[in-house]
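Q: pasting the structure only:
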């Protein structure tokens, strides 16, 4: 069985109004990850990813670049114990 991982990230930069949430959802689903992504009131984006560790690591690399028109200044990452309580990936509000 593959190693499982859970990662919480907060992304700073030009990350709202540039389809960051929708692109994150699409990228996470393409990797078979579960979790969620949302905008924060202060202009940052927050996300939680869970799945195979190598795919979560790949998602983290993507978050450091973001979609077209975004600009990522900083990604805060917090690795957590895998819980397996998430079933798919959603944009939450």
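A: Yep, it's here. Just so it is clear, the model here is predicted, and its values are computed rather than measured.

Q: Need phi/psi at the closest residue to residue 43 other than its chain neighbours.
A: Closest residue in space to residue 43, ignoring its immediate chain neighbours: residue 16 at 5.7 Å, by CB to CB, 6 or more residues apart in numbering. All C-beta spots, glycine's among them, are computed from the backbone N, C-alpha and C. Dihedral angles of residue 16 (phi, psi; degrees, to the nearest 10) stand at phi -120, psi 140.

Q: Just give the number of residues close to residue 16.
A: 16 (other CB atoms under 10 Å).

Q: Residue 61 should be in a helix, yeah?
A: Yes. Under DSSP: H, G, I helix; E, B strand; the rest coil, residue 61 sits within a helix.

Q: now it: how far from residue 85?
A: Distance, residue 61 to residue 85, by CB to CB, to the nearest Å: 25 Å.

Q: you'd agree residue 56 is up against residue 33?
A: Yes. With contact defined as CB atoms under 8 Å, residue 56 reaches residue 33; the gap is 6.5 Å.

Q: before we move on, back to that, identify the residues contacting the residue nearest to residue 43.
A: 39, 43, 45 (CB atoms under 8 Å, 6 or more residues apart in numbering).

Q: can I assume residue 79 is in contact with residue 5?
A: Yes. Assessed by CB under 8 Å, residue 79 is found in contact with residue 5 at 6.7 Å.

Q: still on that earlier bit, which residues are in contact with each of residue 56 and residue 33?
A: By CB under 8 Å, 6+ apart, the residues touching both residue 56 and residue 33 are 49-50.

Q: More neighbours: those two, which one.
A: residue 33 (25 against 22).

Q: Show me which of residue 79 and residue 5 is the more surrounded one.
A: residue 5 (21 against 14).

Q: picking that back up, which one of the contacts of residue 16 has the most neighbours?
A: The most crowded member of the contacts of residue 16, judged by other CB under 10 Å, is residue 45 (24 neighbours).

Q: quick one: contacts for it?
A: 10-11, 15-16, 20-21, 24, 37-39 are the contacts of residue 45 under CB under 8 Å, 6+ apart.

Q: Cool, thanks, talk later.
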